[in-house]
Structure formats: structure tokens, C-alpha cells
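Colleague: this one's sequence-less:
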């Protein structure tokens, strides 16, 4: 009896060792999906904040009260695209009267600190359209600008600020000018020039990839947890069978 009792004690001690190292299978595993999901959300938020401003921003130009001053252009409309990734600014307007002698339409970016970044002169056509497609190396992100302006300027005396005669204006984000519709909307200029910065990732695509990744990872973790549970159940069954086998021995 003493020998049998000793064998049973040793057997139970040895077989119980795996339970010491894994007393609650799956407890830590259940926390992994939550941790990964939080990390993914942080990554997506970082991608949105650090890259979204490089995406081209479209601004509709109109004769905005309190901002535009040249009433002769009250029927004018236009659209601008500010693209930090492409380092390009594109402006196209229509229904503009011919500029006075000795003056040209000129595009500006007004910065949030009140200073101005000159874009360049628009090419005016006899049909009332005017446009510019300007490469601007080192163009800041759109969050640095508050307005796109089209003014009348003397080509020989363009200063660091627009003249008092503002023909068109558009706000970033465009809160004061409604989007154009139908035939009134001018066609956008084609995108030219190669991008010199890494293109910003499309947030919906990043989110979709992240969701698929998390779902796949959770599924893999669950499969792993089930396999581990089955393995532990087999260990318990083997332990019980071994215990019964030793107890039946004389």
C-alpha cells in the first residue's frame, strides 16, 4: 500500500505540472485581440493626422461678401485645387470680365497667420475663362491656408500682398461658397507633374485592411485557444486514466 500510494503521489505531481504553467488557458489570449485593436486604431489615427493634409483639396471660388471687392467680377465662378503631395496649385475661373488695361488676374494663397503666398498670373481667354497650373516646390499642407484669392494686379508691380481689388475668393474649408453644379461648374485642370512626396494612404482602404487583419487574427487566436484547450483536456483525460490504472494495480 505504501508503494502504491507513493506511485500515485508521484504520478499526480508529475501530471499536474502542465497545469502550473497554464492554469487558465485562454485568459491572456482573450486580451490579445483588444490590445491589437487599440494599437490598430492608434495607427489609423496617426495615418489620418500625419498624411491626410497632403491629399488634394478642392476649393470653390465665388464673389464672397466682405472678401471680394471688385464688383465687375460678381458673376465670376471658379475652382482651385491645392495639392501638397503634387506641389501644385491649379485655378480655373469663368464668367470673368476682361481685366482692365495694365492688369492681370493673379492667384494667391492666404495663410492662417494672415500672410500671403503668391501663386502666379492667370492666363485670361476671350471667352471669359482664366486659368493657371502652377508648380510650387515645398508647398505647405492645406491646413496652413485659409483662403484662395484671385485679384487684379499690375504685372510690373506685384507685391507681397494682393491688391485691394479682389475678384474671387474661396475658403479652406469652403464654408462660405457653395459648390457649383451643372454647366456652371468649370472643368478641373489636368494634374501635371510628378509627386515628390509619398502619396497619402486612402483612409477607407487602410481601415478595410486593418479590419480584415484584426478579424483574421482573432480567428487564428480562437483556433489556437481551442487547440490548446483540447490538448489540456487530453492531458486531464490521460491523467485520470493513468491514475485509475495505478489505483487498480495490487
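Modeller: The structure has been received and is ready for your questions. Predicted, not measured: the structure shown is a model, and the values here were computed from it. Residues are numbered from 1 along each chain as shown.

Colleague: quick check: domain ranges of this protein?
Modeller: Domains of the chain are assigned by automatic domain parsing as 9-49+203-248, 56-184.

Colleague: Those: lowest mean pLDDT?
Modeller: Among those, domain 9-49+203-248 carries the lowest mean pLDDT, a mean of 61.

Colleague: and residue 103, backbone torsions?
Modeller: Residue 103 adopts backbone torsions of phi -130, psi 150, taken as degrees, to the nearest 10.

Colleague: Check the gap between it and residue 128 for me.
Modeller: Per CB to CB, to the nearest Å, residue 103 is found 16 Å from residue 128. Just so you know, the C-beta spots here come from the backbone N, C-alpha and C atoms, and that holds for glycine as well.

Colleague: Please apply the same query to residue 71.
Modeller: 16 Å.

Colleague: These two - which one has more neighbours?
Modeller: residue 128 (14 against 10; other CB atoms under 10 Å).

Colleague: other SSEs contacting the helix ranked longest in the chain?
Modeller: For the chain, the longest helix by residue count, based on DSSP state H, is helix 203-248. Counting contacts by 3 or more CB pairs under 8 Å, 6 or more residues apart in numbering; DSSP states H and E, helix 203-248 packs against helix 2-15, helix 17-21, helix 27-51.

Colleague: For residue 158, list the residues it contacts.
Modeller: Contacts for residue 158 (CB atoms under 8 Å, 6 or more residues apart in numbering) come out as 106, 118.

Colleague: and it, how far is that from residue 60?
Modeller: 25 Å.

Colleague: Please apply the same query to residue 228.
Modeller: 59 Å.

Colleague: So which of those two has more stuff around it?
Modeller: Neighbour comparison, residue 228 and residue 60: the larger count goes to residue 60, with 20 against 14 (by other CB under 10 Å).
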